[in-house]
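Peer 1: What shape does this take:
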Amino acid sequence: MKKLKNGWVEGSAKEFLGLSEADVEFIETRRALSRLLREVREKHHLTQVQVAARLRTSQSRVAKMEKADPTVSADLLLQSLFRLGLKRKQLAEAI
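Peer 2: Got it, this is the predicted structure:
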């Protein structure tokens, strides 16, 4: 971390939160899954409501999934992507 003249501190979230490399990798993977969910939805010209119906969940939950909300598990993101037709190879390429 670097202290700036104006009193601000410059650094990464990893430094501020004391995250390990493994923690950072996990967070970045969850963010990639969230982005991928949105990309898949948009590629298929689906609304969040339509995706929610397919996943048997609510539109607000889909929105949280796409925003990488911390209340959304990686398991839920993976299950949702597979239910929308994504294959493991596509997933691997995306992350």
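Peer 1: Can you pull out the residues in contact with the helix or strand where L91 lies?
Peer 2: Assigned by DSSP states H and E, L91 belongs to helix 88-94. Outside helix 88-94, the residues within contact range by Cβ atoms under 8 Å, 6 or more residues apart in numbering are A32, L33, L36, L78, L81. For every residue, glycine as well, the C-beta is placed using N, CA and C.
Peer 1: Now do the helices in this protein.
Peer 2: With DSSP state H, the ranges of helices along the chain come out as 13-17, 21-43, 48-55, 59-66, 74-83, 88-94.
Peer 1: So, low pLDDT: which residues of the chain?
Peer 2: Within the chain, the segments meeting pLDDT under 70 span 1-5, 9-16.
Peer 1: 80 instead, please
Peer 2: 1-18 (pLDDT under 80).
Peer 1: Quick check: G85 vs S20, distance?
Peer 2: Distance of G85 to S20, given as Cβ to Cβ, to the nearest Å: 34 Å.
Peer 1: do A94 as well
Peer 2: 24 Å.
Peer 1: neighbour count winner among those two?
Peer 2: A94 (14 against 9; other Cβ atoms under 10 Å).
Peer 1: Report the contact partners of the closest residue to K67 other than its chain neighbours.
Peer 2: Counting by Cβ to Cβ, 6 or more residues apart in numbering, K67 lies nearest to S34, which is 6.7 Å off, once chain neighbours are set aside. By Cβ under 8 Å, 6+ apart, the contact set of S34 is M65, E66, K67, A68, V72, L77.
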